[in-house]
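# Here you go, sequence then predicted model.
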Amino acid sequence: MLKKKIVLAYSGGLDTSVIVKWLQKKNFEVICFTADIGQGNEINIARNRAKSLDVKTIFIKNLKNEFIQNFIFPYLRSSSAYENFYLLGTAISRPLIAKELMKISYYTNSNHVAHGATGKGNDQIRFELGFKYFNPNIEIIAPWRIWELNSRNKLLNFCLKNNISINKKIKKYSIDKNIFHNSYEGGDLENLLFEADEHMWETTINNENSVDYPIYLSLTFRKGDLIKINNIYYSNEIMFLKLNKIGSIAGIGRIDIVENRYIGIKSRGCYESPAATIIMFARKELESIVLDKEIFNLKECIALKYSKLVYNGFWWSPERLLLQNFIDITQQYVNGIIKIRLFRGVINIVQRFSLNSLYDKNSSSFNEISKKLNQIDSNGFIKINSLRLTI
């Protein structure tokens, strides 16, 4: 019987490794695609594991620069976080992976694609909305929604029976890594009384063990994007790696949260995003001095909607693109230098500078007389605004 081709979004982890063998047993010719978006040595592990699973066609693409330029930076310009805390490191990677996977599907003449996301999570939606955006007729197989291996213990038993090697950490947690963040879910983390094991965290150092001296950074932005660290230009990749390292030793970027998944389930996730946390903090400080009050407030409202769209998988939706256009227009003013201090897990502002600054010392100072504002004019302002409270 002629085998049908299927392109699998392959991470090299437990779930997708089991899926390779499961699909092969279903008479599919599995084509593995791994996106290199900053997972480090996991890329080589994924390649070798795919080969060990008798996969004949393996695509590995270095997408780190595109990830930063076309997904991370546009997201950071929004100054948004899902439910106040989550910086969306996984959510912004899925649209890129979906886009590249669909290219491979086209080039290999495959009518089927697959992913390793569960039927309880967000990634199934993020992947499949992307697949459908680029090819409405694509056939999608989501094993977690249809197979009999419906628990992690059953997956582990399947691995033992089929000689699939996995590492100990994969047994304990579900881990997603890229240059933006690391995320950890499952295992002991499903118990809300369990304190995350210090050995779980792969990037950051806890506050108690972080460096015992403050680190000062000067960050230069142009049109909302970081372009220099301490007045030195770096490539996007090196810039992120450098800030990840600095933030990590200073105890920056760890969170342990319970979030509301799109389908309605609450889920606990642990995330570490040192560079993203530093950049987001500095960007917000810069926006506070360059954006007009009403634009600033409107952008805050938009950020809430934007974060939900991205979290829920609607990166390619017309409404997300529309909001992005508005956000990008505001960023023409976000130029300047922010100096910050990192110490024991805390970021403090030190200096703000921008040629586009709207801050006027004379208007705001208690010791200066403003030429633009006569304080007696506030009488009428207050009377008009209090009218509805006194009727």
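Yes, it's here. Residues are numbered from 1 along each chain as shown.

# Would you mind measuring from the most centrally placed residue in the chain to Ile6?
Nearest residue to the geometric centre of the chain (CA atoms, centre = their mean): Gly89, 1.4 Å. Here the criterion is CB to CB, to the nearest Å. By it, Gly89 lies 27 Å from Ile6. C-beta coordinates here come from the backbone N, C-alpha and C atoms, glycine included.

# Give me the buried positions along stretch 61-76.
Neighbour counts using 16 or more other CB atoms under 10 Å place Lys61, Leu63, Lys64, Glu66, Phe67, Ile68, Phe71, Ile72, Phe73, Pro74, Tyr75, Leu76 of stretch 61-76 among the buried residues.

# Excluding its own residues, what touches it? List them.
By CB atoms under 8 Å, 6 or more residues apart in numbering, the surrounding residues in contact with stretch 61-76 are 33-38, 88, 92-93, 95-96, 100, 178-180, 224-225, 235-237, 240, 276, 279-280, 283, 310, 315, 324, 327-328.

# tell me the domain ranges of this protein?
In the domain annotation for the chain, the residue ranges read 4-174, 182-353, 361-390 (automatic domain parsing).

# Buried ones among the contacts of stretch 61-76?
Neighbour counting with 16+ other CB under 10 Å marks 33-38, 88, 92-93, 95-96, 100, 178-180, 224-225, 236, 240, 276, 279-280, 283, 310, 315, 324, 327 as buried within the contacts of stretch 61-76.

# that older thread, among the buried residues of stretch 61-76, name the ones in strands.
Filtering those for membership in strands, criterion DSSP state E, returns Lys61.

# pLDDT below threshold where in the stretch 251-391 of the chain?
Confidence mapping of the stretch 251-391 of the chain against pLDDT under 70 gives the ranges 367-371.

# quick one: the strands in the protein?
Per DSSP E, the chain carries strands over the ranges 4-9, 28-36, 57-62, 112-114, 139-141, 174-177, 182-185, 215-222, 225-229, 232-233, 254-260, 266-272, 336-343, 346-353.

# so what strands line up beside the fourth one?
The strands that strand 112-114 pairs with in its sheet are strand 4-9 (parallel), strand 139-141 (parallel) (by DSSP bridges).

# before we move on, back to that, any chance of the strands of the chain in a markdown table, plus distance to Asn84?
Conversion of the strands of the chain to a markdown table gives the following (distance: least, CB to CB, whole Å):
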| stretch | distance to Asn84 |
| --- | --- |
| strand 4-9 | 29 |
| strand 28-36 | 29 |
| strand 57-62 | 33 |
| strand 112-114 | 34 |
| strand 139-141 | 33 |
| strand 174-177 | 21 |
| strand 182-185 | 17 |
| strand 215-222 | 23 |
| strand 225-229 | 22 |
| strand 232-233 | 33 |
| strand 254-260 | 9 |
| strand 266-272 | 13 |
| strand 336-343 | 20 |
| strand 346-353 | 16 |
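
# That concludes my questions; thank you for your assistance.
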